[in-house]
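S.K.: I'd like to go over a predicted model; first the sequence, then the structure.
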Amino acid sequence: MPQHHSLPAGRANDRNWPRLHRFMRVELELAPDVLVPRAETELLGRTAAAILGEQAHETILIDMCCGSGNLAVGIVSECPRARAWAADLTDSTVSLARRNVVRLALQDRIKVRQGDLFAAIEGDGLRGAADMVVCNPPYISSSRLDSESAHLLENEPREALDGGPYGISILQRLVRDAAAFLKPGGWLLFEFGEGQDRQIATLLSRSKSYETPTFAVTADGQPRVAMARKHGGRVPGTGSPA
């Protein structure tokens, strides 16, 4: 989730809904109580699409904390062999994501589920099956939201922004639980806040489930997207698939 930007004051009281918003190459419906996709999140979407687009076989994508469904629909729209399961916790996000899937005629390729992170897809038979998990989680610390970033809460839902005491509460669960749903060699990609890259590298290393992570950077050189591959997809020392 972003650390800057918010919609104009009064957004939640504006009755001129729905509005449309461009993300990657798709046009999304917005809702007043769901986080608006940010331009910086396109770095995550483009990076994910580039990796999945190289696959010659049908691929399975899981989009956690899907919000409006922007990552799932953006990536699947660019990867014709991809199918996706998108999940979020609240009624408003799930309802909006489903509307966007239908708007873009992707309901045969994207399923939207409701629940607490991976519990939302426990009944879909996806354990050990996913080629990729993507996530744009809450990553602003609770204390920061109550101080210098409090303005964000004027127009955005807190649950989409609040990452707990250190900003990584959801990320810790994501890194821990994603491994069970990824194939050997599958990819975990997620956005994080400015200056959190060392914390993220340590978190991924301690999990022992992934190879050494790499980071995608913004135009000004800021690491903002982590890319970690689950162990087991390559023969050690050869770089070839196992």
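M.R.: Received the coordinates, thanks. This is a predicted model, so every value here is computed, not measured.

S.K.: what ranges do the strands span in this protein?
M.R.: Remark: strands assigned in the chain by DSSP state E are 20-23, 26-29, 59-64, 82-88, 110-114, 130-135, 182-191, 214-217, 223-229.

S.K.: What count of nearby residues applies to the residue nearest to D88 when sequence neighbours are not counted?
M.R.: Computed as CB to CB, 6 or more residues apart in numbering, the closest residue to D88 that is not its neighbour in sequence is C66, at 4.9 Å. In short, each C-beta sits where N, CA and C put it, glycine included. Applying other CB atoms under 10 Å, we find 30 other residues in the vicinity of C66.

S.K.: doesn't L44 make contact with L189?
M.R.: Yes. With contact defined as CB atoms under 8 Å, L189 reaches L44; the gap is 6.2 Å.

S.K.: joint contacts of the two?
M.R.: Taking CB atoms under 8 Å, 6 or more residues apart in numbering as the contact criterion, the residues that touch both L189 and L44 are 134, 225.

S.K.: quick revisit: with mean neighbour count, mean pLDDT and distance to E122 as extra columns, can I get the strands of the chain in TSV?
M.R.: Putting those into TSV (neighbours: other CB atoms under 10 Å; pLDDT from 0 to 100; distance: least, CB to CB, whole Å) gives the following:
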stretch	mean neighbour count	mean pLDDT	distance to E122
strand 20-23	14	95	28
strand 26-29	20	96	27
strand 59-64	25	98	12
strand 82-88	25	97	10
strand 110-114	21	98	9
strand 130-135	26	98	13
strand 182-191	22	97	15
strand 214-217	14	96	30
strand 223-229	23	96	22
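
S.K.: Quick check: phi and psi on the residue nearest to D88?
M.R.: As for C66, its main-chain torsions (degrees, to the nearest 10) stand at phi -70, psi -20.

S.K.: swap in L126?
M.R.: phi -100, psi 0.

S.K.: shouldn't it be in contact with I60?
M.R.: Yes. In terms of CB under 8 Å, L126 counts as a neighbour of I60; the distance is 6.9 Å.

S.K.: who touches L89 in this structure?
M.R.: 114-116, 120, 159.

S.K.: By mean pLDDT, which helix or strand of this protein comes out lowest?
M.R.: Lowest by mean pLDDT, DSSP states H and E among the helices and strands of the chain is helix 142-145, with a mean of 44.

S.K.: so how far is L52 from the residue sitting nearest the centre point of the chain?
M.R.: Closest to where the C-alpha atoms of the chain average out (CA atoms, centre = their mean) is C135, at 2.0 Å. Between C135 and L52 the computed distance is 15 Å (CB to CB, to the nearest Å).

S.K.: Check L28 too.
M.R.: From L28 across to L52, the span is 20 Å (CB to CB).

S.K.: Then E40?
M.R.: In terms of CB to CB, E40 sits 20 Å off from L52.

S.K.: Nearest to R176 among the strands of the chain would be which one?
M.R.: Ranking the strands of the chain by distance to R176, with CB to CB as the measure, places strand 182-191 first at 10.8 Å.

S.K.: What pairs with the closest one, parallel or antiparallel?
M.R.: The partner list of strand 182-191 in its sheet, established with DSSP bridges, is strand 130-135 (parallel), strand 223-229 (antiparallel).

S.K.: CSV for the ones you listed, including distance to V73?
M.R.: Rendered in CSV, the data for the strands paired with strand 182-191 read as follows (distance: least, CB to CB, whole Å):
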stretch, distance to V73
strand 130-135, 12
strand 223-229, 18
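
S.K.: My guess is the residue nearest to the centre of the chain contacts L174. True?
M.R.: Yes. Checked against CB under 8 Å, the pair C135 and L174 is within contact range at 5.4 Å.

S.K.: Please enumerate the shared neighbours of the two.
M.R.: Applying CB under 8 Å, 6+ apart, one finds that C135 and L174 are jointly contacted by 64, 190.
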